[in-house]
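Participant: Quick one: sequence plus predicted model below, questions after.
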Amino acid sequence: MYPADFRYSKDHEWVKIEAGIGTIGITDYAQSELGDVVFVEVPKVGTHLKAGQTIGTIESVKAVSEVYSPVSGEVTAVNDALASAPEKINQEPHAGGWLIKLKLSNPGEASALMDSAAYTAYVAEKSKEHSA
Amino acid sequence: MLPVRFLTLENSHATVNVGHNFEIPFVSTPATAEIRKTALNAVHRRLGAKMVNFGGWDMPVEYSGILSEHEAVRTRAGIFDVSHMGEIEIRGERALDLVQHVTCNNAAKLVDGQIQYTGLMTPSGTFVDDFLVHRISDRHYFLCVNAGNQDGDFAHIRSNNRFGAQVENTGARYSLLAIQGPKAAGLLQRFTKVSLEAIHYYHFAFGDVDGVHCMIARTGYTGEDGFEIYFAPEHSEKLWTDLLDAGSAEGVIPCGLGARNTLRLEASMCLYGHEIDETTTPWEAGLAWICKPEKGEFLGREILVQQKQRGIERKLVGFEMLDKRICRDGYPVAIGGRELGRVTSGGPAPFLKKNIGMAYVPVAHSAIGTSIEIIVRGQPAAARIIQMPFYKRPK
């Protein structure tokens, strides 16, 4: 479910790092909690983000949620497809539903994030709380 | 992600806590209160519904997704478990006198088998609740009230009972299923010998559905044709399962409170705790059609008559967003750069494919076509006042 080559934040963002570029999205758990996504706001290319800073907003039919950047860097690309097809976040949260790409300014930050196994355990715990 | 403030339904607020580092106070239910469950709770969980604490009830918010459920109701049919709704029954020789005294609509106009939408009034002419009055006989009125208001309504009605009527809180005796959408009548008819064609809008009849004794009412909260059936809770699973099984070939699906809210908003129906509450009058809420001072004395009548003569200062309006951003409950409304109101309900209108909302604004700024701004997370977003209802079903 949660790709082994991603890192995960406690706020349910993922980052996949390749050659100093981090691709960021929200996890399957997050999209499932939000429900049908209908609008996404992302920053402009060139924006500098610090880890923990707001990337933008995801709106579902029932909810609005801010998304935080799990790592620091400069925005090099945004997923334009989401403007006309925000449902990609529900359909492919870990692939076609990515939000932005960052040129990392502090690649060491990613080591503080959870790996796939840790995140899987983390959401299992969350789900248990929910159904309790 | 931040914890998500989300989905306000009836008079309760719910959030989904996607994050963990941040608390938003929300649920109106005291922490000590035990969460209540409808007879279908286990069935909803088996179906994989997302559940939410709603007004103290553990309720399904969505099954397949709000958008698909909304579409099903507009184009086919959906079935909702709304057994959390409360029932209060008033009996006795002077039952009508009590109903007339506490509500603003004229219940004397009802005949047996007829239903009326009305407001339960404070002495100030504001809303304790809004509900449906069913006249079973001239000595028996059956109220279907908002879940979160049931105990308050019951206490309010009893404390105003100077007519010797018998008032009973009978919520635990009924399950309530809403079958809503253009295919609702056809589906339900397969399960009953009662002629549904003979039950007109806002009327009801008693009869067996799927072998279960029901009160079959042609009402709903979706803007579609449909029925609400009341029956003893022990038959809930049978009715729910049989109706859904029979409807599945035609695309009839289970629907949750999420779609119920988007459907009622699109149909411009008021939600207690949002458009109406103890600070709003029927005139302000655009509910003059349920407020009948000419019927004679009732709670708040004098104040309402005065307000009508004097004229109201603010008014509920509907608007559509011109900006792509979505307005949500509670967002400020600005007109000409000044903050002059608040959004009472807002969100996507999935069938109309736009973002809409309702808000109170000063009467001087309430004309159709007026440009307004909704303050979305600190930023003004353009919107325009439009005619309600936003959605009206084709006849």
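Facilitator: Sure thing, it's come through.
Participant: Which positions within the lengthiest helix in chain A qualify as buried?
Facilitator: Under DSSP state H, the helix in chain A containing the largest number of residues is helix A:116-131. Using 16 or more other Cβ atoms under 10 Å in any protein chain shown as the test for burial, helix A:116-131 gives A:Ser116, A:Tyr119, A:Tyr122, A:Val123, A:Lys126. For glycine as for every other residue, the C-beta is placed from the backbone atoms N, C-alpha and C.
Participant: got the contact list for the fourth one?
Facilitator: A:Val123 makes contact with A:His12, A:Thr27, A:Tyr29 under the criterion Cβ atoms under 8 Å, 6 or more residues apart in numbering or on different chains.
Participant: Any chance of a markdown table for those, columns neighbour count?
Facilitator: Formatted as a markdown table, the contacts of A:Val123 follow (neighbours: other Cβ atoms under 10 Å in any protein chain shown):
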| residue | neighbour count |
| --- | --- |
| A:His12 | 29 |
| A:Thr27 | 24 |
| A:Tyr29 | 22 |
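Participant: which among those residues are in contact with chain B?
Facilitator: Restricting the contacts of A:Val123 to those touching chain B (Cβ under 8 Å from any Cβ of the partner chain) yields A:His12.
Participant: Let's have the contacts of A:Val123 in CSV, adding secondary structure, distance to B:Gly65 and pLDDT.
Facilitator: Shown next, in CSV, are the contacts of A:Val123 (DSSP: H, G, I helix; E, B strand; the rest coil; distance: Cβ to Cβ, whole Å; pLDDT from 0 to 100):
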residue, secondary structure, distance to B:Gly65, pLDDT
A:His12, coil, 19, 96
A:Thr27, coil, 18, 97
A:Tyr29, helix, 16, 96
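Participant: ok, of the contacts of A:Val123, which one's closest to chain B?
Facilitator: Taking Cβ to the nearest Cβ as the measure, chain B lies nearest A:His12 of those, at 5.2 Å.
Participant: Which phi and psi values does the closest residue in space to that closest one that isn't next to it in sequence adopt?
Facilitator: Leaving out its chain neighbours, the residue that sits closest to A:His12 by Cβ to Cβ, 6 or more residues apart in numbering or on different chains is A:Ala30, at 3.8 Å. Note on A:Ala30: its backbone torsions stand at phi -60, psi -50 [degrees, to the nearest 10].
Participant: now A:Ala30: how far from A:Glu13?
Facilitator: According to Cβ to Cβ, to the nearest Å, A:Ala30 and A:Glu13 sit 8 Å apart.
Participant: mean confidence score for stretch B:260-278?
Facilitator: For stretch B:260-278, mean pLDDT is 98.
Participant: ok, now stretch B:235-254?
Facilitator: On average, the pLDDT along stretch B:235-254 is 98.
Participant: And that stretch, end to end?
Facilitator: By Cα to Cα, to the nearest Å, the extent of stretch B:235-254 from end to end equals 17 Å.
Participant: Just confirm yes or no for that stretch near chain A.
Facilitator: No - figure legend: stretch B:235-254 not in contact with chain A (Cβ under 8 Å from any Cβ); closest approach 14.5 Å.
Participant: Mind jotting down where the strands sit in chain A?
Facilitator: Assigned strands in chain A, in chain order: A:6-8, A:13-18, A:21-26, A:37-41, A:48-49, A:54-60, A:63-68, A:73-78, A:100-104 (criterion: DSSP state E).
Participant: of the ones you listed, which approaches chain B most closely?
Facilitator: Closest approach to chain B among the strands of chain A is made by strand A:63-68 (3.6 Å; Cβ to the nearest Cβ).
Participant: in its sheet, what does that closest one sit against?
Facilitator: Strand pairing for strand A:63-68, determined by DSSP bridges: strand A:54-60 (antiparallel), strand B:4-9 (antiparallel).
Participant: and those strands, which one's lowest on average pLDDT?
Facilitator: Taking the mean pLDDT of the strands paired with strand A:63-68, strand B:4-9 comes last: a mean of 43.
Participant: how far away is B:Lys109 from chain A?
Facilitator: For B:Lys109, the distance to chain A equals 38 Å [Cβ to the nearest Cβ, to the nearest Å].
Participant: could you list every residue that touches that residue?
Facilitator: Residues in contact with B:Lys109 (Cβ under 8 Å, 6+ apart) are B:Gln116.
Participant: Need phi/psi at it.
Facilitator: When read as degrees, to the nearest 10, the backbone of B:Lys109 gives phi -80, psi -20.
Participant: Next: B:Pro233.
Facilitator: According to degrees, to the nearest 10, B:Pro233 has phi -60, psi -30.
Participant: pretty sure it is touching B:Ser175, no?
Facilitator: Yes - assessed by Cβ atoms under 8 Å, B:Pro233 is found in contact with B:Ser175 at 4.5 Å.
Participant: Take the contacts of A:Val123 and lay them out in a markdown table including distance to B:His274.
Facilitator: Output for the contacts of A:Val123, formatted as a markdown table (distance: Cβ to Cβ, whole Å):
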| residue | distance to B:His274 |
| --- | --- |
| A:His12 | 29 |
| A:Thr27 | 32 |
| A:Tyr29 | 30 |
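Participant: Between the contacts of A:Val123, which sits nearest B:Asp208?
Facilitator: Comparing the contacts of A:Val123 against B:Asp208 with Cβ to Cβ places A:Tyr29 closest, at 44.9 Å.
Participant: Could you check how far that closest one is from A:Glu125?
Facilitator: Going from A:Tyr29 to A:Glu125 by Cβ to Cβ gives 11 Å.
Participant: Any residues of chain A in contact with chain B? List them.
Facilitator: Proximity of chain A to chain B (Cβ under 8 Å from any Cβ) is limited to residues A:10-13, A:26, A:30, A:33-36, A:38-39, A:41, A:57-59, A:61-68, A:90, A:130-131.
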